[in-house]
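[1] Quick one, fold the following:
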Amino acid sequence: MDPTTTPDLLTAEQRKQLLVNGAARNDDPERDFVPLVLITVPGTHIRWLIAAIDPEEPDVAWGVGDLGLGAVEVGTVYLTQLFKPPAAHLKVVNTPNFVGQYTTSEYARRGKLMGGLEDVVDTPASLAGTDPWEHNDTPAAD
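    Modelled structure (predicted):
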């Protein structure tokens, strides 16, 4: 499957920005990006946050993933594999209202602390673009 011709879950704008990030990452492999895309399999704990696509290998994306077992890892994934449902009755989706709040490494750190990415990315606050980890330390008025 060719990810440039096969229908996938990325919008043209997402793909364009992911390729820009991928080119920058090829120049500086230590560079960390805020993920642009949240891929999920509803009804499971599977989550992938995609931050870049390698322009030299456009089927290879970089981000942080959790295959639903709580083992959060930063690394690469083949888009053609990622966009295939793990079972016939399941569907893979691009979460349309996701707005990345942290770098990929920070999502990985928080996911490892929480035992998976699900509780880090599936909160109303993270989907609305606010930080669910922010705490107001101001004492409440009596």
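
[2] Please make it C-alpha for all contacts and neighbour counts, starting now.
    Fine.

[3] Helix, strand, or coil at the spatially most central residue of the chain?
    Centroid-nearest residue in the chain, with C-alpha atoms, centre = their mean: Leu49, separated by 0.7 Å. With DSSP: H, G, I helix; E, B strand; the rest coil as the basis, Leu49 sits in strand.

[4] Tell me which helix or strand the nearest residue to it once chain neighbours are set aside sits in.
    Using C-alpha to C-alpha, 6 or more residues apart in numbering and skipping the chain neighbours, the partner closest in space to Leu49 is Leu38 (4.7 Å). Following DSSP states H and E, one finds Leu38 within strand 37-40.

[5] which outside residues touch that strand?
    14, 46-51, 92-95, 98-100 (C-alpha atoms under 8 Å, 6 or more residues apart in numbering).

[6] Can you show me the CA trace of it as CSV?
    What follows is strand 37-40, C-alpha atoms only, in CSV (Å, rounded to 0.1, in the frame of the first residue of the first chain):
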residue,chain,number,x,y,z
VAL,A,37,-2.8,13.7,15.2
LEU,A,38,-4.4,11.3,17.7
ILE,A,39,-5.3,7.9,16.2
THR,A,40,-7.5,5.7,18.2
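
[7] For that strand, which strands pair with it and how are they oriented?
    Sheet partners assigned to strand 37-40 using DSSP bridges are listed as strand 46-53 (antiparallel), strand 93-94 (antiparallel).

[8] Just name the most buried of those strands.
    When the strands paired with strand 37-40 are scored by mean count of other C-alpha atoms under 10 Å, the highest mean neighbour count falls to strand 46-53 (a mean of 26).

[9] what's downstream of that strand, the next helix or strand?
    Next along the chain after strand 46-53, taking DSSP H and E as the criterion, comes strand 60-67.

[10] helices and strands around the first helix or strand past that next one going along the chain, which ones?
    Downstream of strand 60-67, the next assigned helix or strand under DSSP H and E is strand 73-78. The contact analysis (3 or more C-alpha pairs under 8 Å, 6 or more residues apart in numbering; DSSP states H and E) places strand 73-78 against strand 60-67, helix 104-114.

[11] Kindly format the C-alpha coordinates of the last one as PDB.
    The one in question is helix 104-114. In PDB, the C-alpha atoms belonging to helix 104-114 read as follows (Å, rounded to 0.1, in the frame of the first residue of the first chain):
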ATOM      1  CA  THR A 104       5.900  13.600  22.300                       C
ATOM      2  CA  SER A 105       8.400  12.800  25.000                       C
ATOM      3  CA  GLU A 106       6.200  14.500  27.600                       C
ATOM      4  CA  TYR A 107       3.200  12.500  26.500                       C
ATOM      5  CA  ALA A 108       5.300   9.400  26.800                       C
ATOM      6  CA  ARG A 109       6.400  10.400  30.300                       C
ATOM      7  CA  ARG A 110       2.900  11.100  31.400                       C
ATOM      8  CA  GLY A 111       1.600   8.000  29.700                       C
ATOM      9  CA  LYS A 112       4.100   5.800  31.600                       C
ATOM     10  CA  LEU A 113       3.100   7.400  34.900                       C
ATOM     11  CA  MET A 114      -0.600   6.800  34.200                       C
END
